[in-house]
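Undergrad: Take a look and give me a structure for this.
(chains A and B)
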Number of protein chains: 2
Amino acid sequence: MAHRRASVLLLRARHVLRSSRHAAVPVSTRPISASQSIFPHVPASSSHFYSSTASGQSSFSIRSHLCGELSSSLVGQVVTLCGWVQYLRQDLFVILRDFSGLVQVLIPQDESQRELKDAFCGLLVESVIKVKGRVRLRPEGQKNTNMSTGEIEVCAESLEVLNTCRKLPFEIKDFVKKSEALRMQYRYLDLRSSQMQYNLRLRSRLVMKMREYLCNVHGFVDVETPTLFKRTPGGAKEFVVPSGEPGMFFSLPQSPQQFKQLLMVAGLDRYFQLARCYRDEGSKPDRQPEFTQVDIEMSFVDAAGIMALIEGLLQYSWPEDKGTISTPFACLTYEEAMKDYGVDKPDTRFGMKLVDVSETFQHTQIEFIRDAIVQPGGCVQAICVPDGAKHLKGKDMEFLKQAAKTQFNQEVDCMLVRAEGSIKSPLGRLIPDTTRLQLLLKMRANAGDLLLIAAGAQERVRPLLGKLRLQCAELLEGRGVPVRDPAVFHFLWVVDFPLFLPKEDEPEQLESAHHPFTAPIPEDAHLLYTQPHKVRGQHYDLVLNGCEVGGGSIRIHNAAQQLYVLENILKEDPSLLSHLLEALDSGAPPHGGIALGLDRLVSIIVGASSIRDVIAFPKSFRGHDLMSHAPSLLPEEELRPYHISVLWPSAKNGQGEKS
Amino acid sequence: MAHRRASVLLLRARHVLRSSRHAAVPVSTRPISASQSIFPHVPASSSHFYSSTASGQSSFSIRSHLCGELSSSLVGQVVTLCGWVQYLRQDLFVILRDFSGLVQVLIPQDESQRELKDAFCGLLVESVIKVKGRVRLRPEGQKNTNMSTGEIEVCAESLEVLNTCRKLPFEIKDFVKKSEALRMQYRYLDLRSSQMQYNLRLRSRLVMKMREYLCNVHGFVDVETPTLFKRTPGGAKEFVVPSGEPGMFFSLPQSPQQFKQLLMVAGLDRYFQLARCYRDEGSKPDRQPEFTQVDIEMSFVDAAGIMALIEGLLQYSWPEDKGTISTPFACLTYEEAMKDYGVDKPDTRFGMKLVDVSETFQHTQIEFIRDAIVQPGGCVQAICVPDGAKHLKGKDMEFLKQAAKTQFNQEVDCMLVRAEGSIKSPLGRLIPDTTRLQLLLKMRANAGDLLLIAAGAQERVRPLLGKLRLQCAELLEGRGVPVRDPAVFHFLWVVDFPLFLPKEDEPEQLESAHHPFTAPIPEDAHLLYTQPHKVRGQHYDLVLNGCEVGGGSIRIHNAAQQLYVLENILKEDPSLLSHLLEALDSGAPPHGGIALGLDRLVSIIVGASSIRDVIAFPKSFRGHDLMSHAPSLLPEEELRPYHISVLWPSAKNGQGEKS
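TA: Residues are numbered from 1 along each chain as shown, chains lettered A, B, ... in the order given. Model (predicted):
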C-alpha cells in the first residue's frame, strides 16, 4: 500500500524538476515506544510515499485498516489503527473507535513493556491515538457477539498519542441524551455519534448514486447556476446581498427555476444540479434558511417521461439496507387526493379514508347537519378509526374536538361503535336506526371503531378530516397501536392540480398554484382565455409517506402563452421577466422538470424527526448557528463598503440615525 | 423504448390507488401531416409510457435518436429527431441541429406531399421541430466527409413545429464573432455554440469522474456545508447578508475551511465537496464573485498522502480527448521556484530560467550594477530568450523596458547576441570581453538570442525577470514562434512556502502566507517561538501551466499551537475563533486537505481564455449579470424587513437620510 521514499526519488529523477517533497512528514507528536513507526526503516523526519493506484478507505493514510473492518480473517497480521479512545477497561483493554466501529486493543501487561502500559493506562477518553498491533482471536468465552469485531482483539505493540482531549460537555455514546442546543453548540462532537455518521454517509451515497443514474446512465449534464442573482418579482422570501454599488443588491434565489429553463433554451437538453437554495422565512420556526434540492430539467419530454425518470432515479439510488421500492409509483389526481384523504399529500400507508355520508343524512333531523347540507357545496363526511373506540380515551376525543374547533372553527362529532352496533355519541339519540345502520355499513365500521363526523362546506370539511385522520394515527400510535409502518416507503404522484387558485386576501384575483411557468394541460389550454380558474396544470407532486418530497411540471414554452398568463391572468409586470420571455421567443424547446427536496427525502429514509439530523451544520430551530454564533453584529465600518446602514428599531422613524 | 398506455393501466391496476396519468400529453403544438405522431394508434390527447429501465441520451424523450448519432448503421430505420433548424438549402434540405451535432433532412419533393414540403420550406432558422423520417445513404458524390453524419440523410415523413423563433441578435454559428456584452446578454443563445456545449459537458464529466474517484474508489463522504455563516475575522472580502434581526448579519464564506476542519474533528475521516465560494473583490475586473472549488480534507494523512491523492484524482478524471497525464507530478520548493522562475507558480512548459550572474559582474565598472551588487541581498540576474534577437523588434524591447520601469521601478538591459558572439546593448562597450564570454557561457546563449539583465535586490529582481520571462514568451508567440504548447499540461507541486510573511504596510508584523491554520514543517516547529519568519509551512500549491489551480496544507491540530500562532504571532483576537480552538482541544485528529479551483482548472483544460467560458451564467467583466440585470435597485420597502437602508454616496455624512 505504501511505498518507500526511495522509489519516489527514482520516479522524480525522470522529471525535469527535482522533487523535494520533504514537507511530507508523519504527523507524530508523542512517540512512545521504539517501534512506533509504521515505516521502521525510515527516519522519523523523512517521508513516505503512497501509490496513486491505492484504493479503499485507508488509502493515502497513516493507518493500515479501519477499526470496524478487523475480523478473524486478519488473525496474525500486524495492523496500524488510528482513532478515538472510547473507554478503558480495568487497565487491560482500550476500546478504540473510528467511524467504522469499535475494536478492543489489549494493553501489554509484561513488565518489560511497562512504559507502553503506562502510556495506555494514562489515556483520556476521546483522545486520538495511533496503535500498531497484531490481530488475534479472543480467548474462548471472551467473544462479544454484540460487537462486529467481537471475535478478535489487537495486541498492542506501540502507541502514539496524536492528540489529547479535554473534558467534553457530553459523552460520545449513543445512549447519552443531549439537549438540542448542546448538540448544536458542539456539533463537531454530536457528529461523532454513530447515528449522525450513518445519516451523513447515507446521504452522500444516495447522492452519488443519483449522479451516476443521471450522468452516466441518462446523459444528464451537471451545470452549476449562480446564487447571486436578480430579485424575483414578488420574491419576498429572498435574502438580499448588497453589492459594492450604492443601492444595488443581489438576491439569493429560492431555486434555479429561471436558469434551468434558460439552459433548455440553450440546447443543454438534460440538466441536473444538486442546487443550494435559500429561503428567508424569518420568524417561522424550524425552517432552514438554506437547503438543497435535486434539480432536474429535460427538453423534448412530457410529464410521463419526467415521472418515469424519477421513479428510475429513486429505484437506482435507494439505499440497500432500506429494502427495495417498486415502480411505477401510485398516482392520484388532486381531486382524488382531496376527496379520499382531505389533503394533497396523503400518507397512503394507512386507510381511514374520508367517506361522504351526505346521502345517509339527507333527511336528518339534526339541525346543524341539515343546515350544512342545504348550503351550496355543503356535505357530511366521516372517517372510521379502526379500534378507535377501544384505544382512544375521553381526553383524546376532547383533543380532536378542540383541534377541529381551534384550527378549522368546525364541530366534529365522535361516535363510538359499540359491540351490539349501537352508537355512543351526543347525537346518538337523534339518529334513527336505519340511518345508523346505513352509516355503519357505508363506513364499514365494526364494534370498537370510532367514527368522526363533520358537516359543512366541502372545502373546509375535507382538510379538517384530513388533519384529524393524521392526528388519530398519532394518538393510536401513542397508545401503542401500530398504524404507520416507519420501515415502509409509500411513494405517490399527485397530478392535475388547478393551475391557478384564488388569492387568499383577494379571492376574485388568481395566483399561480405553483409558479407562473407551469403549462396548462393541453385539453384545458383553451380555458385560459375564458375560465382560467378551471384550468388544470401539467404539474406533478411526489409524496412520500405523507410528505411532499418533490414537485415539478411541464413548462410553458410558448412566449405568447407565457406573456398572457403573466399579464392577463396574474396581473404581473412582464418586463421583470423580459429576459425569459425573449428566451422563449428564441427557439425554446418543449421542456419540463422537477425538484426533489433532498434534506426532507433523506430525513424520511433514515427516520429522522427533523431535517437538522441529516444536515452537517444546520441552523437551530430559531435560525441561528449556535456553534459560531451567526448571524452576528457587524461594526458599522464593515457595512460601509456596501453603502448600507442599520435601521435600529427604536430609531425606525429617524431612518437609521442611531446606526 | 416507449410502451403504450394500455400497459401502464395494467401495471397500475395492481396498485391500491388508481393511476390517472393523463397529465402526460405529447408536447405537440402544430401537427402538420396526418402521420405526424410517433404513436400512430394512440389518440393525440392520450399518453405514452416510458420504461424505467431505459438508458441513453434519448431515454424518456419524444425523440428516438440524437441528430449526431445517426450513421450508416441505421440505414433503413425510421427515426424521430428533435432539434433546431440550422439552415435550409435550396428548398431541398433542412439541416437539423441538437447538442450532438448536425444531420441533413431531405424535404419530400413529391406533389402528393405538397403540404409537408411547404411546411418545411416555411421554417425559420433556429425554430424547434420534430421530424420523423427514414435514414438512407446519401447518393454517391453527395457525401460530406466534414460532417460526422455526412454519409447519410433522413427522408422526412412528418414534421411538427414545436416552437418558432424570432429574429435573433446573432447567428448560432461557430464562426460568427460576437461581442462579449452581446454573448452575456443573450447567454442562452451563446450556449448553443458547439464550443460552449463542449466546455460545459466536459466540466460535468470531469466532475463526475472526480466524484467517482473520491466517493467510490477512496471512501470520501460528500458533505454540504453552510454558506450562510459568521463573518471571518478580517474577512474583508466576504459578502454580507442581513438577517431579519436588526444589525445581525450572515456572511458568505470564501471557503468551507472551518467546516472541513470541524468535520475532521467530528470523525468524518474523509470529506469532499464541490463547494460554492464567494469573494467580493468589488472593483477588481474579471473576478467572479462566486466560484467553485473541489474541496477535500482527510484525517490521519501527511502532505505526501494528499499530493498522491490529488495526482490519482486528476489522472483518473482527466478527459480522454486531452491525452494522459503522468504521475507523480514534478515538485519544486518555493525557494527553487523563485530562484529559477522568479515566481511561485512557474510555467514549466518552457525554459528561459533565471540565472544569477552576480559573479560574472563582480568586478564590473558599470556603476548601477556595482551599486546593486554591494547592497545586502543585491544581485545581477539574467534570462536568455532563445532567438529573441531574431524575432523581437525594437518596440518589443521598449515594451519590456517600460514594463520593468512601471511595474517594478527597475532598469532592465536588453542585449542582442550577434552572430560573431558580440553583444548589441547600450552597456556593450562597458563590458570587457572576458565578462562577455563568461556571460554568454553561463547563459548558454547562442547567436540570435536575447539576454535580459537586471541588477538590484533579489526580492525585486526575481519577480521582475519572472514577469519578463512570461512577457517574452507572449511576444514570441505573437511573432509566430511557438513557446508554450497549449496541448501540453505541466502539473507542478510547489512546497515549503514560508509560513508567515511580513505585512506589506507594516513589515515588522507577520501575517499568514496562506491562512492561520497551516501547520509548520515539524523540523521548523521550534522556530515558531524564536524566529517565526524562518518557519516553513506544510503547504503545497498545485500549479498547471503557470496557473495556480490548487492549494492546501496539513493543518495545525494542536489547540495550544493554534492559539500561540493566532495570539502571539498574528496578534489576532482568538476569541473570534473560540469554537475552532475548542474543537481542536476535543480530540482533533491530525488532518490536512486541499482545494482545487475548478473554474480555472477546466478553463486551462479546454483552452479557454477566461473562466467565463466554462461557467454557464458568469458575471460580466465588471461583475454584472447582463442578462437579468443584477445587481439591481431595490425599493426601500423591500429592505425594511432586514432593518437596513442605503447610504447614498452624496449623503454619506448624513448617515443615509436620503435613503
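Undergrad: for the nearest residue to A:Glu508 once chain neighbours are set aside, what are its contacts?
TA: When the adjacent residues along the chain are set aside, A:Glu508 lies closest to A:Pro502, with 7.2 Å between them (CB to CB, 6 or more residues apart in numbering or on different chains). Heads up, the C-betas are built off the backbone N, CA and C, glycines and all. Contacts for A:Pro502 (CB atoms under 8 Å, 6 or more residues apart in numbering or on different chains) come out as A:Glu508, A:Gln509, A:Leu510, A:Glu511, A:His533.
Undergrad: List only buried entries from those.
TA: Buried subset of the contacts of A:Pro502 (neighbour count, 16 or more other CB atoms under 10 Å in any protein chain shown): A:Leu510, A:Glu511.
Undergrad: from the contacts of A:Pro502, which single one is nearest chain B?
TA: Of all the contacts of A:Pro502, A:His533 has the smallest distance to chain B: 18.3 Å, by CB to the nearest CB.
Undergrad: quick one, domains of chain A?
TA: Domain segmentation of chain A under automatic domain parsing yields A:67-163, A:198-333+A:491-614, A:350-478, A:632-659.
Undergrad: Now the shortest one: average pLDDT?
TA: When you say that, I think you mean domain A:632-659. For domain A:632-659, mean pLDDT rounds to 75.
Undergrad: circling back: any idea which of the domains of chain A is most buried?
TA: Among these, domain A:198-333+A:491-614 has the highest mean neighbour count (mean count of other CB atoms under 10 Å in any protein chain shown), at a mean of 20.
Undergrad: what about it, distance to the chain center?
TA: Centroid displacement of domain A:198-333+A:491-614 relative to its chain, using CA atoms, centre = their mean, to the nearest Å, is 16 Å.
Undergrad: try stretch A:194-210
TA: Distance, centroid of stretch A:194-210 to centroid of chain: 11 Å (CA atoms, centre = their mean).
Undergrad: one step back: distance check, the residue nearest to A:Glu508 against A:Pro520.
TA: 17 Å (CB to CB, to the nearest Å).
Undergrad: cool, and A:Ala119?
TA: For A:Ala119, the distance to A:Pro520 (CB to CB) stands at 74 Å.
Undergrad: repeat for A:Leu81
TA: 63 Å.
Undergrad: and what of A:Ser586?
TA: Using CB to CB, A:Ser586 is found at 22 Å from A:Pro520.
Undergrad: What of A:Leu74?
TA: 64 Å.
Undergrad: rewinding a little: out of the domains of chain A, which comes closest to B:Gly552?
TA: Judged by CB to CB, the one of these that comes nearest to B:Gly552 is domain A:67-163, at 19.6 Å.
Undergrad: just how off-centre is the closest one within its chain?
TA: Here domain A:67-163 shows a centroid-to-chain-centroid distance of 37 Å under the convention CA atoms, centre = their mean.
Undergrad: how about that domain against chain B, any contact?
TA: Yes. Using CB under 8 Å from any CB of the partner chain, domain A:67-163 reaches chain B at A:Cys82, A:Trp84, A:Arg97, A:Asp98, A:Phe99, A:Glu126, A:Ser127, A:Val128, A:Lys130, A:Leu162, A:Asn163.
Undergrad: Quick check: mean pLDDT of that domain?
TA: Domain A:67-163 comes out at a mean pLDDT of 96.
Undergrad: Enumerate the helices of the stretch 201-350 of chain A by residue range, in sequence order.
TA: A:257-265, A:303-317, A:334-341 (DSSP state H, counting those that start in this stretch).
Undergrad: hmm, I was thinking of the stretch 351-500 of chain A
TA: Under the criterion DSSP H, counting those that start in this stretch, the stretch 351-500 of chain A contains helices at A:367-374, A:388-391, A:394-408, A:433-443, A:458-478.
Undergrad: can you put these in a markdown table and add distance to A:Arg114 and mean pLDDT?
TA: As requested, the helices of the stretch 351-500 of chain A are exported to a markdown table (distance: least, CB to CB, whole Å; pLDDT from 0 to 100):
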| stretch | distance to A:Arg114 | mean pLDDT |
| --- | --- | --- |
| helix A:367-374 | 88 | 89 |
| helix A:388-391 | 65 | 95 |
| helix A:394-408 | 67 | 95 |
| helix A:433-443 | 79 | 94 |
| helix A:458-478 | 58 | 96 |
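Undergrad: Nearest to B:Trp648, out of those?
TA: Nearest to B:Trp648 among these is helix A:394-408 (47.5 Å), distances taken as CB to CB.
Undergrad: which helices and strands does that closest one pack with?
TA: If contacts are counted by 3 or more CB pairs under 8 Å, 6 or more residues apart in numbering or on different chains; DSSP states H and E, helix A:394-408 sits against strand A:413-417, strand A:450-457, helix A:458-478.
Undergrad: Quick check: can you name the pairing partners of the second one and their directions?
TA: What it means is strand A:450-457. Paired with strand A:450-457 in the same sheet, following DSSP bridges, are strand A:378-385 (antiparallel), strand A:413-417 (antiparallel).
Undergrad: for the ones you listed, which one sits closest to B:Arg555?
TA: In terms of CB to CB, the element of the strands paired with strand A:450-457 nearest to B:Arg555 is strand A:378-385, at 57.9 Å.
Undergrad: Give me the mean pLDDT for the closest one.
TA: 96.
Undergrad: how far off helix A:334-341 does that strand point, in degrees?
TA: Compare the direction of strand A:378-385 with that of helix A:334-341 by axes from the mean of the first three to the mean of the last three CA atoms, to 10 degrees and you get 60 degrees.
Undergrad: will you turn the strands paired with strand A:450-457 into CSV that also has distance to B:Asn568?
TA: Shown next, in CSV, are the strands paired with strand A:450-457 (distance: least, CB to CB, whole Å):
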stretch, distance to B:Asn568
strand A:378-385, 69
strand A:413-417, 72
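Undergrad: wait, which of those strands is closest to B:Leu465?
TA: Ranking those by proximity to B:Leu465 (CB to CB) places strand A:378-385 first, at 84.7 Å.
Undergrad: which sections of the stretch 251-400 of chain A are below the confidence cut-off?
TA: Regions of the stretch 251-400 of chain A meeting the criterion pLDDT under 70 cover residues A:283.
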